[in-house]
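# here is a sequence with its predicted model. Questions after.
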Amino acid sequence: MFHEVQRDSQSELMTGISVELFEYSLSWLQREGWAIVSLEECLERLAADDQSRRYAVLTFDDGYRDNVSVALPILERYNAPFMVYVPTGALTRTLQSWWLGLRELVRSRDDIAIDAMGIRFHCSDFRSKVAVLDKLDRWVHQDYKRGAALARTFDKAGISLSALNNRYFLDECALQELARHPLASIGGHTTSHAALATLDATSARTELADNRNYLENLIQLPVLHLAYPYGSCGPREEHLAKESGYLSAVTTRHGQLSDGQLNQFALPRIGMSSRFDTESSFAAKMNGVQLALQTLLARQSHRRQLKDASRLACPPPTVG
């Protein structure tokens with residue numbers, strides 16, 4: 001799972017993946033004998049239980065301009081198919097892209113006041129800016145309604161989300177051209193990039209159906225695959241995705257396709273970002289080492305919690 005592929009990752013506060021790490025990822029896959037396949041081919045192999053060779057699918061969320069200007073020449077060099085999941089609002093410039101607004105706010109100012117939080121931050125160097133942006137990002141992810149609450153802060157700072165959408169996201173013509181590329185596939189990502197699990201069923205269904213219809217009318221091709229924004233999904237969203245005509249849906253849950261029982265409407269992905277990843281961590285993720293370690297640590301933590309709860313429930317007898 002990729003988002004932006006950035007020529008100057010540091011100036012973008014490490015919010016995407018650097019060109020160097022992106023290219024390393026593809027060269028590593030090729031060197032280690034992994035086939036890079038389209039999502040369609042992946043699903044066919046899974047249905048046939050084809051385990052003759054390891055394979056990977058490359059996905060990009062949101063439809064950033066650098067997916068074409070930066071990533072595409074590299075993908076062409078490796079003859080690597082890829083999927084781009086696009087929300088309607090990115091193309092129409094109506095997306096409430098709070099994450100772009102926060103990035104612009106933090107990198108353009110050393111002193112920041114977030115009205116919705118009632119907190120001021122001072123961040124005058126790269127390290128502190130990355131730390132503040134990470135804190136603000138986690139704050140919104142705790143409650144996605146907070147994204148809309150940042151509008152006043154952006155307005156006071158003179159930051160236009162529409163202008164940022166235009167700067168960072170593909171436009172309709174660019175997406176039409178990309179959809180004709182032999183390596184590219186286009187998938188749905190809802191109309192407004194809403195966290196579907198926070199919406200009522202009618203609104204969630206509309207987000208899915210309208211986005212799919214819009215994209216199909218635009219590119220004149222079937223749109224059969226979905227990415228849940230923020231990975232916000234559960235059984236209800238899986239049902240709605242299937243009901244809306246999709247054949248698969250991907251999450252942000254870390255994992256490999258061979259892990260456990262496969263659910264085509266809750267496919268796991270391995271996320272990549274320059275802020276958290278290196279060449280060695282990519283190899284660990286792909287080989288399952290990192291996931292195995294995380295699972296082991298989680299189990300150990302769970303056992304400790306059970307022991308602590310047991311001690312509290314059965315205190316030692318008192319003496320006297």
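Arrived safely, thanks for sending. Here the structure is a predicted model, which means the values were calculated and not measured.
# now residue 148. Nearest residue, chain neighbours left out?
The spatial neighbour of residue 148 that comes closest, neighbours along the chain excluded (C-beta to C-beta, 6 or more residues apart in numbering), is residue 96 at 6.3 Å. Every residue, glycine included, has its C-beta placed from N, CA and C.
# how about the one you found, secondary structure?
Assigned state for residue 96: coil (three-state reduction, DSSP: H, G, I helix; E, B strand; the rest coil).
# now the one 10 residues further on
Three-state secondary structure (criterion: three-state DSSP) places residue 106 in helix.
# if I look at it, how far off is residue 15?
Applying C-beta to C-beta, to the nearest Å, the value for residue 106 to residue 15 is 10 Å.
# could you do residue 42 as well?
Noted for residue 42: a distance of 27 Å to residue 15, by C-beta to C-beta.
# do residue 193 as well
On the measure of C-beta to C-beta, residue 193 and residue 15 end up 16 Å apart.
# just want to know which of those two has more residues nearby.
Just comparing residue 193 and residue 15: by other C-beta atoms under 10 Å the higher neighbour count belongs to residue 193, 24 against 21.
# these two touch, right, the more buried one and residue 95?
Yes - taking contact to mean C-beta atoms under 8 Å, the distance of 5.9 Å between residue 193 and residue 95 places them in contact.
# follow-up on the earlier one: shared neighbours of residue 106 and residue 15, which are they?
When contacts are counted by C-beta atoms under 8 Å, 6 or more residues apart in numbering, residue 106 and residue 15 have residue 133 as shared neighbours.
# still on that earlier bit, isn't the residue nearest to residue 148 up against residue 194?
No - between residue 96 and residue 194 no contact is recorded; they are 9.2 Å apart, counting by C-beta under 8 Å.
# still on that earlier bit, okay, and the common contacts of residue 193 and residue 95?
Overlap between the neighbourhoods of residue 193 and residue 95 consists of 87, 89, taking contacts as C-beta under 8 Å, 6+ apart.
# which residues does residue 168 contact?
Contacts of residue 168 were listed using C-beta under 8 Å, 6+ apart, and they are 4, 64-65, 97, 100.
# and those residues, which of them are in strands?
Using DSSP state E, no member of the contacts of residue 168 falls in strands.
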